[in-house]
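Build me a structure from this.
(4 chains)
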4 protein chains.
Amino acid sequence: MQLQVEARLDYDFHGPVEALLHLEVAHWPGQRILSEQLSLDPPIAWSRQDDPGTGERRLVFAHAGPLKITYQALVDLDPADHALTGAAQATVASLPVEALPYLRPSRYVESDLFEQVAAADFAGLTGGDRVAAILDWMGRAMAYRAWASHATSSASSTYMSRAGVCRDFAHVAVALCRASDIPARMVSAYALGLKPEDFHAVIEVYVGGRWRLADPTGLAQPDTLVRIGHGRDAADIPFLTIFGQATMTGQSVRVLAPWPDPVRAPD
Amino acid sequence: MQLQVEARLDYDFHGPVEALLHLEVAHWPGQRILSEQLSLDPPIAWSRQDDPGTGERRLVFAHAGPLKITYQALVDLDPADHALTGAAQATVASLPVEALPYLRPSRYVESDLFEQVAAADFAGLTGGDRVAAILDWMGRAMAYRAWASHATSSASSTYMSRAGVCRDFAHVAVALCRASDIPARMVSAYALGLKPEDFHAVIEVYVGGRWRLADPTGLAQPDTLVRIGHGRDAADIPFLTIFGQATMTGQSVRVLAPWPDPVRAPD
Amino acid sequence: MQLQVEARLDYDFHGPVEALLHLEVAHWPGQRILSEQLSLDPPIAWSRQDDPGTGERRLVFAHAGPLKITYQALVDLDPADHALTGAAQATVASLPVEALPYLRPSRYVESDLFEQVAAADFAGLTGGDRVAAILDWMGRAMAYRAWASHATSSASSTYMSRAGVCRDFAHVAVALCRASDIPARMVSAYALGLKPEDFHAVIEVYVGGRWRLADPTGLAQPDTLVRIGHGRDAADIPFLTIFGQATMTGQSVRVLAPWPDPVRAPD
Amino acid sequence: MQLQVEARLDYDFHGPVEALLHLEVAHWPGQRILSEQLSLDPPIAWSRQDDPGTGERRLVFAHAGPLKITYQALVDLDPADHALTGAAQATVASLPVEALPYLRPSRYVESDLFEQVAAADFAGLTGGDRVAAILDWMGRAMAYRAWASHATSSASSTYMSRAGVCRDFAHVAVALCRASDIPARMVSAYALGLKPEDFHAVIEVYVGGRWRLADPTGLAQPDTLVRIGHGRDAADIPFLTIFGQATMTGQSVRVLAPWPDPVRAPD
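Here you go, the predicted model:
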């Protein structure tokens, strides 16, 4: 499946400040960048902070005043199996070393506080079945609602308020998984079919011997997600980190399936 | 300088549970393990979860019932320069990729909440000078006191209570550094001269082009620390993580300088 | 029913500090103080801060050094009906003015955070039936466990940890009631049959046209409670408030039914 | 001094819900209501929940659908002395009983968490001098900024963020006073000269033998405040409490000095 992704950010930087931009499509198995273009207007100097270990691509610049950032990419996605049901829970001994940090609590995912809730509400289930039950419960119990949360909202506050946006859903889902000893992390992505269109946040859980994507909001299909990056929670993967002050003056995201997917056409 | 470190843990595991043990001395520049011995009694099977990237060494086992864990190592430490004064603050562009996560808030270090405090109280200082001013302020304002904190205490709660143990001091120091755009992380270590003897937690900041150790409690000298591991905060580096229930029945830590350090004798 | 209550507190006050002692049996309908004795050793001066509106009796003194406080009272309790089932929920318009504050969130009862939880988990029930369902759920979901909480634990943290002591149980119960628009408050009391014996905390809810007592821990019967005072939460009703520093060196509480209750003997 | 106050609220109530309206001028020493008018459109039935103890006047109604609430009052204010400097701190023994609750922490004023901060930063000062020093520090350290806080912001979060609106300033000031053993509460009021005009929140502290008003934001003069009510914090004194769902569709507040104050004209 091919997807065309576009992002445009307009900012006004107060004084010369550094910024870290993280909206380029990741180099990641299963997604191939057929073409892409990133431009800054005015055309300022930048350097890169790419992470070869995770395939994440980040750009650093210093700037004062208005800046328009535009990014476009055409990406080819392989079909992938993200099925949760029946996917076995890994022992800690069998986990890859890189999965261990995703068992730990983090800034917006205080999974240590969820141990009793997870034990009581999802008893008897393990691995992918448990993740599926968690997502199922969230679909029934939680409301997707803009402005229900704020910058410091975390999994525990959202668990109480039962409302939020994609970031908040991801935090609660990741918290309940980690509290169940299932490695879980947050993934930033472009997603097809989101209304309104925006950057999206989903989760990835390590069950059945590998990482599998899921969208706790139910708004996007895992196989139409174009990955930007991943981290422990929203603290790790903002699309723009500003080391100083700036004002956002505009932002838009678009994701298009340029033509009917020939693989899927027969359906 | 040679140091002899010893740790002994006695636990009673409730039912067969997995555990991750992280108390072995790290493979890390500047410290050489001359000899070491780790034993579990009863002698159960284990596997390893070493991290070649960070030199951290972790062991995983599953067990039910009582278990005695003993570890001894003789370590040779190189002298190292951890001076902060005058060490320049790095631009984000100049940071190694591995340092970026240590600018982010984490479970017990909500550095996002400290931005105004850091800006107001340490204005005009950058890099190592700013870190030194932070540590100096902590030495005057904070009291080292057992039982002043609990398992969910974080940098912000400790900043209010102005009291805690090594872990709490480290969290506040790391929070103020990150809020100053200085990469900072927490290091678990064996430390010479601690009273009472215990595992210790200190910080490491990236200034003057490399990581430098400091002890916010002032209890240990940076050049007498034997490193176990590092992470974003206490969530990442517990010496024992139990994936289930267990009771600690005993614990002791000892650090000895077996003989007068010949390198230093002439002083 | 007659109950003999006794409390003994031993403290060491650091420097001359004021203290507010609140452990005398309240002047309250349904309980008559047949005899009582309060003594301070050494015999220092005190003044009173009794509240005629609530019947609460409080004593203020200033002291430095060791102090032994002993209190004994013989109290006659009327039988009372604290049945919840079928007790109608009051409209706000029909509430007595004094009940209004008990709809508001307070220090340890952030009832504003429980609105969605209360709405989701106890939908369709009102008044005493809803309170009964809340208490029933707590009896199943929460564990009574010493040291599970600390001084700053609140209803929301206990709701996550699902464990605590009487104070914590009371906070969660009051939070769920207030979030259900049912006035609820916390009552400090002497309770018969508590093991280990200590001061007790229960709740009082306004349903069916009056306040009714209930014990969320299930450890005490409402009709064997000797009331000391009430407030929004634990912040309002400590048995001793010290405006400075002091060390507790001893504390004991005893509640006795001096002879078989003749009213109940036939049972 | 005479002030004309006006408030207009437009709401849309979802389904029949009860509401408690608390925007009428209080019956309170030093302010006389010369005339007033309250109207609801459509003209629905209401009942009253006035509190003779505090002079607070509250109205309860149940409604579904749109509702316009308008209130006007002409109030004569006596000059009053709210000077803080030199006002002595009261002993607990000398406090009126009604002041005791204002020493306790509350929902948005976790004064228990501020004890160390208050002790360290305002050492050596007591009573009104200490309050003045607290307000002086706040004037230097804190920024008045809309949207810097949210519904669950409290004194401790605002103390970290160093920014907020009148409610947040009041919470921090009250917290630091209570942590200094000075009774302090929050007062809702109409204030002359506020830009933009809105309901205002200030504080009242018990020093020098009586309650004295102060505005931590510095935006209003204490002697031009028309009192609506007071409470432990913002939880107690919302101008409208809705026991269900509603949408605010409009709100305006105006405060006018109808003519030059003859008492002050000579200045």
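
Please name the bridge partners of A:Tyr11.
Counting by DSSP bridges, A:Tyr11 is bridged to A:Leu67, A:Met248.

before we move on, what about A:Phe61?
Beta-bridge partners recorded for A:Phe61 (DSSP bridges): A:Ala19.

show me what contacts the closest residue to A:Ala220 other than its chain neighbours?
The spatial neighbour of A:Ala220 that comes closest, neighbours along the chain excluded (C-beta to C-beta, 6 or more residues apart in numbering or on different chains), is A:Ala191 at 3.8 Å. The way it works is simple: take the backbone N, C-alpha and C, and place the C-beta from them, glycine included. Going by C-beta atoms under 8 Å, 6 or more residues apart in numbering or on different chains, A:Ala191 touches A:200, A:202, A:215, A:219-220, A:224-226, A:255.

and the two most separated of those residues?
Spatially, the most separated pair among the contacts of A:Ala191 is A:Leu219 and A:Val226, at 14.8 Å (C-beta to C-beta).

Among the contacts of A:Ala191, which are located in helices?
If you go by DSSP state H, the contacts of A:Ala191 have nothing in helices.

now, which of those residues sits nearest D:Cys166?
For those, the nearest to D:Cys166 is A:His200 (37.5 Å; C-beta to C-beta).

if you skip the residues just before and after it, what's nearest to the closest one?
Nearest one to A:His200, counting by C-beta to C-beta, 6+ apart, is A:Ala191 at 3.9 Å.

again with A:Asp181
B:Phe243 (5.1 Å).

Show me what the helix or strand harbouring that neighbour is packed against.
Following DSSP states H and E, one finds B:Phe243 within strand B:240-256. Judged by 3 or more C-beta pairs under 8 Å, 6 or more residues apart in numbering or on different chains; DSSP states H and E, the packing partners of strand B:240-256 are strand B:2-21, strand B:184-191.

State the mean pLDDT of that strand.
Average pLDDT, strand B:240-256: 96.

More neighbours: A:Leu219 and A:Val226, which one.
Ranked by neighbour count (other C-beta atoms under 10 Å in any protein chain shown), A:Leu219 and A:Val226 place A:Val226 first, with 23 against 16.

Would you mind giving me the confidence score for the residue nearest to the more buried one when sequence neighbours are not counted?
Nearest non-adjacent residue to A:Val226, counting by C-beta to C-beta, 6+ apart: A:Tyr190, 4.2 Å away. Looking at A:Tyr190, its pLDDT is 98.

Pull the contacting residues for A:Tyr190.
A:Tyr190 touches A:3, A:5, A:7, A:25, A:199-200, A:225-226, A:228, A:253, A:255, counting by C-beta under 8 Å, 6+ apart.

how about a cut-off of 10 Å?
A:Tyr190 makes contact with A:3-7, A:23, A:25, A:71, A:73, A:75, A:197-200, A:220, A:224-228, A:253-255 under the criterion C-beta atoms under 10 Å, 6 or more residues apart in numbering or on different chains.

Out of those residues, which end up buried?
Taking 16 or more other C-beta atoms under 10 Å in any protein chain shown as the criterion, what is buried in these is A:3-7, A:23, A:25, A:71, A:73, A:75, A:197-200, A:220, A:224-228, A:253, A:255.

what separates the longest helix anywhere in chain A from the chain centre, distance-wise?
Taking DSSP H as the criterion, chain A has its longest helix at helix A:127-141. On the basis of C-alpha atoms, centre = their mean, to the nearest Å, helix A:127-141 sits 18 Å off its chain's mean C-alpha point.

Could you check how far the residue nearest to A:His200 is from A:Thr54?
To A:Thr54, A:Ala191 is 20 Å away according to C-beta to C-beta, to the nearest Å.

Compute the distance between the residue of the stretch 101-250 of chain A found nearest chain D and B:Ala80, please.
Closest to chain D within the stretch 101-250 of chain A is A:His150: 5.0 Å, counting by C-beta to the nearest C-beta. Separation of A:His150 from B:Ala80 (C-beta to C-beta): 43 Å.

cool, and A:Ala184?
Applying C-beta to C-beta, the value for A:Ala184 to B:Ala80 is 38 Å.
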